[in-house]
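*Asks:* sequence first, then the predicted structure:
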Amino acid sequence: MDQELNKASAFIKRLLANPALQPFPLLQKEEQILQFLKLNANSLFPTLTSPAFFNGKNWPEIFAILYQGLLDVINQDLFQQINDQLERIDFSFVSFLKEVNYPLSKCRDQIRDFLAKLLTKYETRQAFNGPFTAVSLSITDKYIEQSFLRHEYIHFELVKVQKLKMSKEEIKNMVKASLLLMVGATTATLTTSSYQNNSVSHLIPRQYAEKISRDMQDQLKLLPPELINSAVNANLSFLENKDTEATSRITGVFAMRCKNYKHIQTVDRGADFPDKSWLNIARRNYKYYGFDIKVLDEFYKIAAENGW
């Protein structure tokens, strides 16, 4: 089996070397490879069933080996990237929210272990793509920075309504942590009819969000409830839950923005900048996605003014 996995990993690495995949974030590359294997099964089968690869095996067996090889290759980079991002997040805001001093390294360890368990599931890996890409790109930093300079709706909602009496740097880090943790709401709701029938797959009903928050608090005892609620409630529709935290609303927008992110080196002449274009479309469809239109409007203005 080790020899077969080595062959699978080598084959996957050749596919990942395709220049067409380079603009995509890591988990989007994983999804692209999976779709390639599924769509090209008939043409790949004769080669992959040869003695050089997986002689005598049927396609489901070959696909299972290739999928495990894909996970092995992607996970080498994925968990290193997760570790790197966790190290970059300053968790001092945890002490502020809990009003006690906690060893910040243990907070990171809890999140790391929590994500490692969740990311064994295909559905969770799909859902993690957008939030993790947003963290990796530090999209939170530039928009929250500008929101604090403007002192408009978003600043008011964070400071006056959610009452986050902390620095903007601490708020930036809280949103990044929310992005990493929001995927905790994914697998817990996959089997519920309400979740499956929702028109937007990332949204969950309020009653499930409350249960998931309690379950996550039991698993992540070092983390403040405010952070876990912020992460879980990013999966709620603001239109149906007007009391949703500002950090949750921001987290949800950033995660969706980066769900299908592709790095564009140069913008075509006459075309809108990527963030501005996406936010403009999101504003027109805010009811469908359950977004707070005022958050989108402010982010749109920021993107337009800064050429993002």
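*Replies:* Received the coordinates, thanks.

*Asks:* can we go C-alpha only for contacts and neighbour counts from here?
*Replies:* Fine.

*Asks:* what about T133, how many residues nearby?
*Replies:* Neighbourhood size, T133 [other C-alpha atoms under 10 Å]: 25.

*Asks:* skipping its backbone neighbours, what lies nearest it in space?
*Replies:* Among residues not flanking T133 along the chain, C258 sits closest, at 5.9 Å (C-alpha to C-alpha, 6 or more residues apart in numbering).

*Asks:* and that neighbour, what does it touch?
*Replies:* With contacts defined as C-alpha atoms under 8 Å, 6 or more residues apart in numbering, the neighbours of C258 are N129, G130, P131, T133, A134.

*Asks:* show the backbone phi and psi for it.
*Replies:* As for C258, its main-chain torsions (degrees, to the nearest 10) stand at phi -100, psi 10.

*Asks:* how close does it sit to K98?
*Replies:* Computed as C-alpha to C-alpha, to the nearest Å, the C258 to K98 distance reads 30 Å.

*Asks:* just A234 next, same as before
*Replies:* For A234, the distance to K98 under the criterion C-alpha to C-alpha works out to 21 Å.

*Asks:* of those two, who's got more company?
*Replies:* In this comparison of A234 against K98, neighbours counted by other C-alpha under 10 Å, the higher total goes to A234 at 33 against 14.

*Asks:* pLDDT score assigned to that one?
*Replies:* Reading off the confidence values, A234 has pLDDT 97.

*Asks:* now do the one 4 residues further on
*Replies:* Turning to F238, the model gives it a pLDDT of 97.

*Asks:* what's the neighbour count on it?
*Replies:* By the measure other C-alpha under 10 Å, the count of residues near F238 is 24.

*Asks:* the longest helix along the chain packs against which elements?
*Replies:* Looking only at the chain and at elements set by DSSP state H, the helix with the highest residue count is helix 59-88. In terms of contact count using 3 or more C-alpha pairs under 8 Å, 6 or more residues apart in numbering; DSSP states H and E, helix 59-88 is assigned the packing partners helix 2-16, helix 26-39, helix 41-48, helix 104-118.

*Asks:* check L190 and give its pLDDT.
*Replies:* pLDDT for L190: 45.

*Asks:* coming back round to it: got a pLDDT number for the residue nearest to T133?
*Replies:* C258 is assigned 96 on the pLDDT scale.

*Asks:* can you tell me how far it is from R283?
*Replies:* For C258, the distance to R283 equals 16 Å [C-alpha to C-alpha].

*Asks:* and for Q80?
*Replies:* From Q80 across to R283, the span is 35 Å (C-alpha to C-alpha).

*Asks:* between these two, which is the more surrounded one?
*Replies:* R283 (19 against 11).

*Asks:* residues near R284, how many?
*Replies:* Burial measure for R284: 11 neighbouring residues, criterion other C-alpha under 10 Å.

*Asks:* how near is it to F291?
*Replies:* From R284 across to F291, the span is 11 Å (C-alpha to C-alpha).

*Asks:* could you do P19 as well?
*Replies:* For P19, the distance to F291 under the criterion C-alpha to C-alpha works out to 35 Å.

*Asks:* please say which of these two ends up with more neighbours.
*Replies:* Comparing P19 with F291 by other C-alpha under 10 Å, the one with more neighbours is F291, at 22 against 8.

*Asks:* give me the element the more buried one is part of.
*Replies:* In the assignment (DSSP states H and E), F291 maps to no helix and no strand.

*Asks:* who's in contact with A41?
*Replies:* Contacts of A41 were listed using C-alpha under 8 Å, 6+ apart, and they are W59.

*Asks:* correction: the previous question concerned A231.
*Replies:* By C-alpha under 8 Å, 6+ apart, A231 lies in contact with A177, S178, L179, L180, L181, M182, V183, S248, T251.

*Asks:* any weak-confidence spans in the stretch 201-308 of the chain?
*Replies:* Applying pLDDT under 70 to the stretch 201-308 of the chain flags residues 201, 264-271.
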